[in-house]
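> below are the sequence and a predicted model; questions follow.
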Amino acid sequence: MPKTKAKATDTALAGAPREPHIETMERESLAELQLKRLRETIRRTYDSVEPVRKRFADAGVAPQDIKSLDDLRRLPFTSKRDLLDNYPFGLFAVPRGELKRIHASSGTTSARPTVVGYTERDLDAWGNLMARSLACIGVHSGDVLHNAFGYGLFTGGLGFHYGAERLGCTVVPMSGGNTERQVAMLRDFRATAISCTPSYAMHIAEVAEHSGANLRGGPLRIGAFGAEPWSEAMRAEIEKGLGIEAFDLYGLSEVMGPGVAVECVLRRGMHVWEDHFIAEIVEPQTGKPLPCGETGELVITTLTKEALPIIRYRTRDITRANAERCECGRTHVRISKLSGRTDDMLIIRGVNVYPSQIEEVLLTFSDLTPNYQLMVSRDTSMDTLAVQVEANADLDAASYAGLAERVQHLIKSKVGVTCAIDVTSPGNLPRSEGKAIRVRDLRAQHRSR
């Protein structure tokens, strides 16, 4: 009889708290721990970081004014602009000699990257949180993790690497690229878990299918994905293509890296590790705090970071919070899957559109591959949107026009925008080996005419 692959929820180990005394702590005790750590962080940051001290003075607030968690909202926000203006080390709270590692963003949206640093205790806490996160999705000691996140200044690769090793996994440090070899190593090393961006996971599944490598029949059972927004429709595509359970893991370099929040095996939102972070949801335009259940921008305050403590960092990520106890037993607040970023939102003829909304619609069409691109251009005074999609190999080219009409109609009915649809043949659109670039902004070409 063929062997049945155990899903993550089939084992007693799957998803069990690695640190139950922390992960299932009562809310009252967790709030007390947060307040203690918050006051310590604020005092240390105020005393050590001159730009923060100035911003506190401008806001008319001092560390001694923080007497409750509600007082956090009296403090000024931190933005990516603050990190760039104080490049490279101006917001660090420790001498350079105490730094054990430096990471940085790619710098693709600005001339300078955002730079982050870690003390020895920061690295220890990060490794522990990543081990906790991987355990939360059902990874356990003895698993083989195929790590296709990029290594180097990007935090993804090393974050997963050290967390998995701490958990007791065997790590295959593949990094990104050379996808044919990725498929071979997944098969030959009998990986049981994979970590990468969701868009790259889809590309790996596509290459495996074209090469005749049936990863769905092997030991691979769990995927940990993040670093870009991805829809439930994409989750379904990845699970079908790789024969796994796919889990969402959230983090950002400015705060720590991966491991800030993660789904449990029930997949009803990502648990924010509140012993290390405070999560707020605010109205993106005004910064006004929003109650649980309302959608807004995620703001994070670090509670244990030594090298680069961050107070009320505006992530630009759009989500909502749920403070109810999860059935998995964990009490830490959950955030929903990210619907996009405030700086990714498009305004197409007066309608607010996130790329993830378009993706949800496109992935409902079985005649399309999961690959697409959005082109934003300008027609006189209004922005317009065109969508490039890719037909499956078994679809006759004579059917492309009819498919384009159906896609256009469903996007209009579901999202509320009319956009041109360009159906192209298989393999014409670029594949991602890291963070996918879904939007091409052509408006500068219009302005230059």
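Yep, that arrived. Everything numeric in this text was worked out from a predicted model, so none of it was measured.
> average pLDDT for the top strand by length along the chain?
The strand that spans the most residues within the chain, counting by DSSP state E, is strand 368-379. Mean per-residue pLDDT for strand 368-379: 88.
> which residues are in contact with the helix or strand following it?
Where DSSP states H and E defines the elements, the next helix or strand beyond strand 368-379 is strand 382-391. Contacts with strand 382-391, where a contact means C-beta atoms under 8 Å, 6 or more residues apart in numbering, come from 346-349, 353, 358, 362, 365, 367-369, 371-378, 397, 399-400, 403, 407, 411, 417, 419-429, 443. Quick note: C-beta positions are derived from backbone N, CA and C, even for glycine.
> quick revisit: in the longest strand of the chain, what's buried?
Neighbour counts over strand 368-379 (16 or more other C-beta atoms under 10 Å) mark Leu368, Thr369, Pro370, Asn371, Tyr372, Gln373, Leu374, Met375, Val376, Ser377, Arg378 as buried.
> please save the CA atoms from stretch 306-317 in PDB.
Presented in PDB, the C-alpha positions along stretch 306-317 are these (Å, rounded to 0.1, in the frame of the first residue of the first chain):
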ATOM      1  CA  GLU A 306      19.000  45.800  22.900                       C
ATOM      2  CA  ALA A 307      20.900  47.100  19.900                       C
ATOM      3  CA  LEU A 308      18.000  48.700  18.100                       C
ATOM      4  CA  PRO A 309      14.900  49.200  20.200                       C
ATOM      5  CA  ILE A 310      12.000  50.400  18.100                       C
ATOM      6  CA  ILE A 311       9.100  52.300  19.600                       C
ATOM      7  CA  ARG A 312       5.800  52.400  17.700                       C
ATOM      8  CA  TYR A 313       7.200  51.500  14.300                       C
ATOM      9  CA  ARG A 314       4.700  52.100  11.500                       C
ATOM     10  CA  THR A 315       5.100  48.900   9.400                       C
ATOM     11  CA  ARG A 316       2.700  50.000   6.600                       C
ATOM     12  CA  ASP A 317       1.200  46.500   6.700                       C
END
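> how about the helices in the stretch 251-400 of the chain?
Ranges of helices in the stretch 251-400 of the chain, per DSSP state H, counting those that start in this stretch, are 355-362, 400-415.
> where among those helices is average confidence lowest?
Note on those: lowest mean pLDDT is at helix 355-362, with a mean of 88.
> go through the helices of the stretch 251-400 of the chain and pick out the most buried.
Comparing the helices of the stretch 251-400 of the chain by mean neighbour count (mean count of other C-beta atoms under 10 Å), helix 355-362 ranks first with a mean of 21.
> in this structure, which helix has the most residues?
For the chain, the helix with the greatest residue count under DSSP state H is helix 27-48.
> next SSE downstream of that one?
Per DSSP H and E, the first helix or strand lying C-terminal to helix 27-48 is helix 50-59.
> other SSEs contacting that following helix?
Helix 50-59 makes packing contacts with helix 27-48 when contacts are defined by 3 or more C-beta pairs under 8 Å, 6 or more residues apart in numbering; DSSP states H and E.
> quick one: contacts for Tyr162?
Leu123, Trp126, Gly127, Met130.
> once you drop chain neighbours, what's closest to Ile411?
Excluding its sequence neighbours, the residue lying closest to Ile411 (C-beta to C-beta, 6 or more residues apart in numbering) is Val361, at 5.2 Å.
> what sits against the one you found?
Val361 sits next to Val407, Leu410, Ile411, Lys414, Val415 when contact means C-beta under 8 Å, 6+ apart.
> which one of those sits closest to Arg112?
Of all the contacts of Val361, Arg112 sits closest to Val415, with 35.1 Å by C-beta to C-beta.
> run the chain-centre distance for stretch 41-54.
Its chain's C-alpha centre and that of stretch 41-54 lie 28 Å apart, by C-alpha atoms, centre = their mean, to the nearest Å.
> do the same with stretch 87-105
With C-alpha atoms, centre = their mean as the basis, stretch 87-105 stands 23 Å off its chain's centre.
> can I get the CA coordinates of it in PDB?
C-alpha atoms of stretch 87-105 as PDB (Å, rounded to 0.1, in the frame of the first residue of the first chain):
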ATOM      1  CA  TYR A  87      21.800  56.000   8.700                       C
ATOM      2  CA  PRO A  88      23.600  53.900   9.500                       C
ATOM      3  CA  PHE A  89      23.900  53.600  13.300                       C
ATOM      4  CA  GLY A  90      22.200  56.800  14.700                       C
ATOM      5  CA  LEU A  91      19.300  55.000  16.400                       C
ATOM      6  CA  PHE A  92      21.400  52.200  18.000                       C
ATOM      7  CA  ALA A  93      21.300  52.100  21.800                       C
ATOM      8  CA  VAL A  94      24.600  50.300  22.300                       C
ATOM      9  CA  PRO A  95      28.200  51.000  21.400                       C
ATOM     10  CA  ARG A  96      29.300  49.600  18.100                       C
ATOM     11  CA  GLY A  97      31.700  47.200  20.000                       C
ATOM     12  CA  GLU A  98      28.700  45.400  21.500                       C
ATOM     13  CA  LEU A  99      27.200  44.600  18.100                       C
ATOM     14  CA  LYS A 100      27.500  40.900  17.000                       C
ATOM     15  CA  ARG A 101      25.800  41.200  13.700                       C
ATOM     16  CA  ILE A 102      24.400  43.800  11.200                       C
ATOM     17  CA  HIS A 103      21.700  43.300   8.700                       C
ATOM     18  CA  ALA A 104      20.200  45.700   6.200                       C
ATOM     19  CA  SER A 105      17.300  46.000   3.800                       C
END
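> can you give the contact residues for it?
Stretch 87-105 is contacted by residues 44-45, 48-49, 51-52, 82-83, 112-120, 122-123, 153-155, 158, 253-254, 257, 306-309 when judged by C-beta under 8 Å, 6+ apart.
> again with stretch 413-424
Defining contact as C-beta under 8 Å, 6+ apart, one finds that stretch 413-424 is touched by 348-349, 351, 353, 357-358, 360-361, 368, 384-391, 400-401, 403-405, 407-408, 411-412.
> what's the neighbour count on Leu429?
If you count neighbours by other C-beta atoms under 10 Å, Leu429 ends up with 15.
> surely it is in a helix?
No: using DSSP: H, G, I helix; E, B strand; the rest coil, the assignment for Leu429 is coil, not a helix.
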